[in-house]
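Asks: the sequence and its predicted three-dimensional model are supplied below.
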Amino acid sequence: MIDPDDIGYNTTDNPSFSTMVDARLSRRNLLRGSFATAGGAMLGSISLAACGGGDDDPAPPAAGLKLGFNPVAKSLADAVVVPAGYTASVLYRLGDPIATGVAAYKNDGTDDPATYDRRAGDHHDGMTWFGVGANGRWDAKASGRGLLVMNHESLTPVFLHPAGRTVVKGQRTVPSEVVREFYLHGVSVIETTKGSDGKWSYKQDSAFNRRVHTLTPMELSGPARGVDAAKTRYSANGTRTRGTVNNCANGTTPWGTYLACEENWYGYFYRTSASDDARRSARELAAIKRYGVGPQEFYGLWGTTQGAADAEQQDTFDRWNLDVKGEAATADYRNVHNTYGWVVEIDPFTPDSTPRKRTALGRFGHEGACLGRVEAGKPLVWYMGDDARNEYIYKYVSNKNWDPQDATGGLAAGDKYMDDGRLYVARFKADGTGEWLELALGKNGITSSNAAYGFADQADVVLHARLAADAAGATKMDRPEWTAVNPKTGDVYVTLTNTNASSRPIDKTDAANPRFYNDPKGSAQTAQTGNPNGHIVRFAENAGNAGTTFTWDVYLFGARSTAGADVNVSGLTADNDFSSPDGLWFSQASAGLAWLQTDDGAYTDVTNCMMLAAVPGKVGDGGRKTLINKSGDTTRTQETIVGAKPGEKDTQLKRFLIGPKGCEITGIAESGDGRAIFVNIQHPGEDTKDADIGDPSKFQSHWPDGGSARPRSATIVITRTDGGVVGV
């Protein structure tokens, strides 16, 4: 399957990040690591074995935070590798039961589809651990009992059915297969506990356990609630929808709820453009094109499914087909795509609560929604990336100031702070400053007379946030992924996972996106051109959460350690080189400790995907450098800002974990005391061919069960063998 985020739908002439920046840049710091010989522990398909040297006992988190482990070496093994002195255990795998009476997962494609709403979903992704106190409510300091809430982004279809998906002449003809896939998307809530022996497990019969999936009823809240564009056969008044899909990164709130973010939602909808176009307005078609919806879906072909048991089940298939079929919108599902692309708030402590899609935060390909600093009497802010090439970085600021008494408010607090606020998009300037452009009717070119799309009201603005950002003149970015806020400095970090030559050719580089090169040893020995290894930007608000200006720099460049200085700009070594940064998260237990995860296709000839630990500096701690870019006979110099190389200015970077074959490392959470971290291993064995499902010897991976088993996405829990705080 092709991910829609690898395809750009932004055809505006807005300047890219790379073309905006060619004047300033102050020298920044990079992460430093103290590099020792690699030693580690390996969680393979069956058992955990230690190898390499030992660890010194690290000091507890304090001023002058230091990474307290030896870096692990790159690996192509079908195993999880962690440093010596650490243990990694599988906690929660695809198909694991989360309710009484549900049998263990057979993992051969024959499990009853009706049980999948009480099993772990697939493609474990962003997640949060919510500590549970003695009263059964949220307690941020709890350390031995908590609710682990995680996204299930997508699925690896070759392993889900007895012989892969059944598709006949472009249609799904086995409804039970599609039902499995419905349930495998969404969100899991599971209760986890630490035993007296220090080992972690989840409680299968917990009353908190819950699956939120594509059939779960949901409320639309905020400006787009009840608008004509949200009316469907399912909800004639446009206030409700069913389910959530393609939940990638995540977020939290100060009142202990979870934010699941809908990323590549537009890849699930089927549309027959030839017949459908003629029945839609020019404005509708402009919006559909800008979001890349149809005419064919990237995932599942759910909208083609026929042969349902009854009309009610057939309706669950039909709602993925956007074709205009009736006289009114309430007769079909022409508008259902407008009920996706939102941030979804879920209360994990109230299992019977109805999730809310918070439309004030805008509709786009949400990678995540990271909560900024929380201060009494000041607005709340969430930072968000739109994960596709040449898309934008956003923030939402509440109109209400934070009242700590709302910390127990649940979804009602969300109504107060997340339905009433201002949505902004970022514009980066060449002098190293930037501004937040408000996406509001009548401001920044967002008017009814806008040539590309005429906006009717504020609901129209949030519903078509990409078009509003186009009109405002936002800066195009190279696939904005996770956002993260350093609790020590307040600096905001954004991973830009990579780009290609067609999205940013050599004559479009500049200080902020300075590299263009050919990587002759990309994945499967294929050349990668452009900036296949990605980089990370960061910025500091000039006036707090509600400020409209910021200062920025480029924090870190991914690269092979063996690459030349014009590619390996950050001076990475064999102990910390990486490619395609994706997940990024700061510890709360060890303030200043960052975790960086990769989703790579350009370095997988040398190593599987990985996770690194870092202690970064702050915005503005670097300086200038001139790079020489080459493409064929073309040579172009480019001035940029380069952070301090690892080891300078007390910054640090070390490789902490390597995953099994074919996986992505994504999602991280920690217990309240930081003595356990939870990490997701997504889609091991993803590159297994459909035709090879009958021959286990040809599977790319058998992790985590080993033998001839089909691979499964899974959550692991990592602890120090001496019981100390992880990473430091």
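Replies: Arrived safely, thanks for sending. Everything quoted here is computed from the prediction, not taken from an experiment.
Asks: contacts, neighbours, all on C-alpha from now
Replies: OK.
Asks: residues of stretch 423-439 that come out buried?
Replies: Under the neighbour-count criterion of 16 or more other C-alpha atoms under 10 Å, stretch 423-439 has 423-430, 432-439 buried.
Asks: ok, stretch 161-172 next?
Replies: By neighbour count on 16+ other C-alpha under 10 Å, the buried set for stretch 161-172 is 161-165, 172.
Asks: among the residues you listed, name the ones in strands.
Replies: Among these, DSSP state E puts R172 in strands.
Asks: would CSV of the buried residues of stretch 161-172 with distance to T634 be doable?
Replies: Formatted as CSV, those follow (distance: C-alpha to C-alpha, whole Å):
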residue, distance to T634
H161, 50
P162, 52
A163, 49
G164, 46
R165, 46
R172, 49
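Asks: ok so, going back, out of the buried residues of stretch 423-439, who's nearest A229?
Replies: L439 (19.0 Å; C-alpha to C-alpha).
Asks: isn't the closest one right next to L463, touching?
Replies: No: counting by C-alpha atoms under 8 Å, L439 sits too far from L463 to count as a contact (11.2 Å).
Asks: ok, which stretches of the chain are helices?
Replies: 17-20, 175-184, 273-276, 282-291, 311-318, 410-418, 458-463, 465-472 (DSSP state H).
Asks: what comes into contact with the fifth one?
Replies: The one in question is helix 311-318. 215, 302-308, 333 (C-alpha atoms under 8 Å, 6 or more residues apart in numbering).
Asks: most centrally placed residue in this protein?
Replies: A249 (2.9 Å; C-alpha atoms, centre = their mean).
Asks: where does pLDDT dip in the stretch 401-550 of the chain?
Replies: 510-513, 523-525 (pLDDT under 70).
Asks: which stretches in it count as strands?
Replies: Using DSSP state E, counting those that start in this stretch, the strands of the stretch 401-550 of the chain run over 421-428, 433-438, 477-478, 480-485, 492-496, 499-500, 517-519, 528-531, 535-541, 549-557.
Asks: hey, which of those is tucked in deepest?
Replies: Across those, averaging neighbours per residue (mean count of other C-alpha atoms under 10 Å) puts strand 480-485 on top, at a mean of 29.
Asks: so which elements touch that one?
Replies: strand 370-371, strand 379-385, strand 492-496, strand 581-586 (3 or more C-alpha pairs under 8 Å, 6 or more residues apart in numbering; DSSP states H and E).
Asks: I'd like the strands of the stretch 401-550 of the chain written out as TSV, with distance to T350 added.
Replies: Below are the strands of the stretch 401-550 of the chain laid out as TSV (distance: least, C-alpha to C-alpha, whole Å):
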stretch	distance to T350
strand 421-428	25
strand 433-438	34
strand 477-478	38
strand 480-485	27
strand 492-496	31
strand 499-500	41
strand 517-519	50
strand 528-531	45
strand 535-541	35
strand 549-557	38
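Asks: and V293, which of those strands is closest to it?
Replies: strand 480-485 (19.7 Å).
Asks: any idea of the angle that closest one forms with strand 492-496?
Replies: Orientation check (axes from the mean of the first three to the mean of the last three C-alpha atoms, to 10 degrees): strand 480-485 against strand 492-496 gives 160 degrees.
Asks: partners of strand 480-485, with directions?
Replies: Its sheet considered, strand 480-485 pairs with strand 492-496 (antiparallel) by DSSP bridges.
Asks: what's the strand it pairs with in contact with?
Replies: 385, 477-486, 534-540, 580-584.
Asks: quick revisit: in JSON lines: the contacts of helix 311-318, plus distance to S143, neighbour count and pLDDT.
Replies: Converted to JSON lines, these look like this (distance: C-alpha to C-alpha, whole Å; neighbours: other C-alpha atoms under 10 Å; pLDDT from 0 to 100):
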{"residue": "L215", "distance to S143": "33", "neighbour count": "18", "pLDDT": "98"}
{"residue": "W302", "distance to S143": "42", "neighbour count": "26", "pLDDT": "97"}
{"residue": "G303", "distance to S143": "44", "neighbour count": "25", "pLDDT": "96"}
{"residue": "T304", "distance to S143": "47", "neighbour count": "18", "pLDDT": "95"}
{"residue": "T305", "distance to S143": "46", "neighbour count": "23", "pLDDT": "96"}
{"residue": "Q306", "distance to S143": "49", "neighbour count": "16", "pLDDT": "91"}
{"residue": "G307", "distance to S143": "49", "neighbour count": "13", "pLDDT": "93"}
{"residue": "A308", "distance to S143": "46", "neighbour count": "16", "pLDDT": "95"}
{"residue": "Y333", "distance to S143": "46", "neighbour count": "26", "pLDDT": "98"}
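Asks: with respect to T598, which of the residues you listed is nearest?
Replies: Nearest to T598, judged by C-alpha to C-alpha, of the contacts of helix 311-318 is W302 at 29.8 Å.
Asks: in contact with that closest one, which residues?
Replies: Contacts of W302 by C-alpha under 8 Å, 6+ apart are 172, 178, 268-270, 317, 320.
Asks: any idea how far it is from G432?
Replies: Distance, W302 to G432, by C-alpha to C-alpha, to the nearest Å: 46 Å.
Asks: next: G195.
Replies: 50 Å.
Asks: and for R233?
Replies: Between R233 and G432 the distance is 49 Å, computed by C-alpha to C-alpha.
Asks: mind listing what the residue nearest to the centre of the chain touches?
Replies: By C-alpha under 8 Å, 6+ apart, the neighbours of A249 are 125-127, 151, 260-261, 366-369, 482, 583, 667.
Asks: and these, which is closest to F699?
Replies: Distance to F699, by C-alpha to C-alpha, is smallest for D125 among these, at 22.3 Å.
Asks: what's around that closest one, how many residues?
Replies: Residues within reach of D125, counting by other C-alpha atoms under 10 Å, total 29.
Asks: from what I see, it and V149 are in contact.
Replies: No: counting by C-alpha under 8 Å, D125 does not reach V149; the two are 10.0 Å apart.
Asks: show the pLDDT at the closest residue to V102 other than its chain neighbours.
Replies: The shortest distance from V102 to any non-neighbouring residue, by C-alpha to C-alpha, 6 or more residues apart in numbering, is to T115 (6.9 Å). Per-residue pLDDT puts T115 at 98.
Asks: quick one: neighbours of T115, just the number.
Replies: Neighbourhood size, T115 [other C-alpha under 10 Å]: 16.
Asks: that one and V485, how far apart?
Replies: Between T115 and V485 the computed distance is 39 Å (C-alpha to C-alpha).
Asks: contact partners for N450?
Replies: With C-alpha under 8 Å, 6+ apart, N450 has these contacts: A471.
Asks: now for D276, how many residues are close by?
Replies: Counted with other C-alpha under 10 Å, D276 comes out at 16.
Asks: equivalent analysis for K395, please.
Replies: 25.
Asks: if you skip the residues just before and after it, what's nearest to it?
Replies: Of all residues not flanking K395 in the chain, Y383 sits nearest, at 4.4 Å (C-alpha to C-alpha, 6+ apart).
Asks: bridging across strands, which residues link to that neighbour?
Replies: Residues in beta-bridge contact with Y383 (DSSP bridges): C370, K395.
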